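coordinates only, sequence not included:
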Ligand code: SF4
C-alpha cells in the first residue's frame, strides 16, 4: 500500500501530480487506485480496482479538474480486502466538515475498535481499516479544536503500523505510527507545493526535492501558513521500521532513513555470499527485487553476475496477489530464462525472499529446462516464521514454507541443489549506514513491536472473529 499527497495554495493540476506520484508507487499495491482533488473545499474523487494507468484514463483525470491539494492511494488486497469497495482514499462527511483519508499499513486492534464502534451504533461499509481510522478521528473531532488535535487524540487508541494522510478543506496532514513501521517522507517543489509520499522515489518523479522523513509518532500539518509538526506521540515507542522495506517492499531507487534501498539489498547479497558460499559459474537474480542482492552476492563471491531471467513487467507481483490459483497462473507467464546465461552452468539464483515457495518450484523447473546443471537458491531475506500484522501480506504459519521444512527439505521440494537464507543477525546490518534506530523483523524472529491482534475478522461483513496463528 502507498499514500501520496500534494499541498499547494494556488490552483494547479494536482491530479496529474498525484497520478505520476502513484505511478511511481505502483509496486506497493496493484489492487486499487484512487485520487481525491480538493478545489477550495470541494472534493472530487475517483477510485476503482486496478493499477493507476488502468483506473485513470485521460478523461477520468481531466474530470478531476484543478485544485490546490490532492490525496492518492494504491493498495493491494488480501483475500479479505481486495474488493472494489475497499479502495481508497475514503471520503468522510462529518458534523464538523469533510475529510479524505488514506493509509499504508494495518491496525492491530482493528477488530476491537470496530466492535466497540458498532456497539455504539456505527455502520461499516468495508473491511478496510481506513473506516476505523475515519470513525476514531471524526469521533474525537466532536470535541477537539482541530482535525490535527482529533488525530492526536485518536492515536491514543489506534495501534499498529500505519502511515496516514488526511486532507481537510484547508489542510493536508501526514501521520506516522509511534513505531514508524512504514516509511513516509515529504519534499517540496520549486513552485512551492509540498509533496508527501510513502517513498522518496515518488518525490523525484514529480520534481520535488526531498525535505525529510516524517518521524515515528509525528503529525505534520501543511497549511497556507506553513508546515507545523506535532510531536506528542514521538518517542513514546522505540523506532521499528519494517526491515522488509529494504529487502522487498520499497523500490531500489528510494532512500529510507538516509540509506539507499539498492545499497541495502546489495549488502544483503554480500552477507548471503559469506553465510552460504557455493562453487558456481554464474549468479542470477530473480527479477526485480532479487537483482540488487544478486549483484551483491556476485561481487562478494567473485562469481560473475549474469542476466538469467527476464520478467514480463506488465504482470503484478505474485507475492501480493491474493489467492493461490491466481499466483500460480501468473508465475507461468511471468518469467523466461536466458538460455545462454544458464545452459550447462552451476547457477546461484538469488531471490528477495521465500514465502510460500510456489515461485521457487516453477523457476527451478524453468532453469533446468533451459539446461542449468546445478541450481542453488539463496534468499536475501531470512526465513519467514511468523505472520505480519502491519499490512504486509505474510500470512499464517500454515502458509509459510519455512515453518514446515528445513532448507534441505525445501531444496528437494523445489528440485534445487541447495537453499540458503540470509542469517537473522545480518538483517539489522543492511542499512546501518542510515539513521534508523531500530527495526521490526517480527516475521523472522517473532518479536512484535506492538501488541498483536487478539481478534481478527476473517470475512468481509459478518462479525466472525478468529485468531491468526
Ligand atoms: S512483521 Fe515483517 S513484514 Fe511485517 S512490519 Fe515487521 S518486518 Fe515488516
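Alright, I've got the coordinates. Owing to the predicted nature of the structure, the values given are computational and were not obtained by experimental measurement.

any idea whether the residue of the chain most remote from its centre is helix, strand or coil?
Here the centre of the chain is the reference, and by CA atoms, centre = their mean the most remote residue is residue 344, at 38.1 Å. Three-state call for residue 344 (DSSP: H, G, I helix; E, B strand; the rest coil): coil.

interface residues of this protein facing the ligand?
Proximity of the chain to the ligand, by CB under 6 Å from any ligand atom, involves residues 161, 181, 242-244, 388, 390, 392, 394, 440-443. Placement of C-beta: from N, CA and C, glycine included.

most surrounded residue in those?
residue 181 (31 neighbours; other CB atoms under 10 Å).

which SS state does that one fall under?
coil.

Parallel or antiparallel, list what pairs with the host helix or strand of residue 35.
Using DSSP states H and E, residue 35 sits within strand 32-39. Counting by DSSP bridges, the strands paired with strand 32-39 are strand 42-49 (antiparallel), strand 67-75 (antiparallel).

Would you mark the buried spots in the last one?
In other words, strand 67-75. Buried residues in strand 67-75, counted by 16 or more other CB atoms under 10 Å: 67, 68, 69, 70, 71, 72, 73, 74, 75.

Figure out how far that strand is from the centre of its chain.
17 Å (CA atoms, centre = their mean, to the nearest Å).

Kindly provide the distance from the closest residue to residue 438 other than its chain neighbours to the ligand.
Leaving aside its chain neighbours, residue 438 sits nearest to residue 239 (4.9 Å; criterion: CB to CB, 6 or more residues apart in numbering). Noted for residue 239: a distance of 13 Å to the ligand, by CB to the nearest ligand atom, to the nearest Å.

from the residues of the chain next to the ligand, which ones fall inside strands?
The members of the residues of the chain next to the ligand that map onto strands under DSSP state E are 161, 242, 440.

I'd like the average pLDDT over the helix or strand containing residue 294.
Assigned by DSSP H and E, residue 294 belongs to helix 291-301. Regarding helix 291-301, the rounded mean pLDDT is 98.

Give me the buried positions along it.
291, 292, 293, 294, 295, 296, 297, 298, 300, 301.

residue contacts, the residue nearest to residue 438?
Contact partners of residue 239, counting by CB atoms under 8 Å, 6 or more residues apart in numbering, are 179, 180, 216, 436, 437, 438.

ok, so of the residues you listed, who is nearest the ligand?
Proximity of the contacts of residue 239 to the ligand (CB to the nearest ligand atom) peaks at residue 179, which lies at 9.1 Å.

Tell me the spacing between the closest one and residue 155.
Applying CB to CB, to the nearest Å, the value for residue 179 to residue 155 is 12 Å.

I'd like the ones in strands among the residues of the chain next to the ligand as TSV, with pLDDT appended.
Formatted as TSV, those follow (pLDDT from 0 to 100):
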residue	pLDDT
161	97
242	97
440	97
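
Of those residues, which is the nearest to residue 196?
residue 161 (17.5 Å; CB to CB).

That closest one: what's it in contact with?
Taking CB under 8 Å, 6+ apart as the criterion, residue 161 is in contact with 105-106, 108, 177, 179, 181-182, 242, 389-391, 440, 450.

Across the sheet, point out what pairs with it.
Counting by DSSP bridges, residue 161 is bridged to residue 106.

OK, now which residue of the stretch 251-400 of the chain is nearest to the ligand?
residue 388 (3.1 Å).

cool, and the stretch 151-300 of the chain?
Using CB to the nearest ligand atom, residue 242 is the residue of the stretch 151-300 of the chain that sits closest to the ligand, at 3.2 Å.

which ones are touching that residue?
Residue 242 makes contact with 161, 181, 182, 249, 390, 392, 439, 440, according to CB under 8 Å, 6+ apart.

Tell me the bridge partners for the last one.
In this structure, residue 440 bridges to residue 242 when assessed by DSSP bridges.

The nearest residue to residue 130 once chain neighbours are set aside and the ligand, how far apart?
Nearest residue to residue 130, sequence neighbours excluded (CB to CB, 6+ apart): residue 90, at 4.9 Å. Noted for residue 90: a distance of 23 Å to the ligand, by CB to the nearest ligand atom.

residues in contact with residue 90?
By CB under 8 Å, 6+ apart, the residues touching residue 90 are 100, 101, 102, 126, 128, 130, 131, 134.

one more time with 10 Å, if that's ok
34, 36, 45, 47, 71, 73, 99-103, 125-126, 128, 130-131, 133-134 (CB atoms under 10 Å, 6 or more residues apart in numbering).

With residue 419 instead?
Taking CB under 10 Å, 6+ apart, we find residue 419 in contact with 276, 349, 354, 357, 360, 375-379, 383, 401-402, 405-413.

Residue ranges in the stretch 301-450 of the chain under the pLDDT threshold?
314-332 (pLDDT under 70).

which residues in it form helices?
In the stretch 301-450 of the chain, the segments counted as helices under DSSP state H, counting those that start in this stretch are 324-334, 339-342, 358-369, 407-414, 424-427, 442-445.
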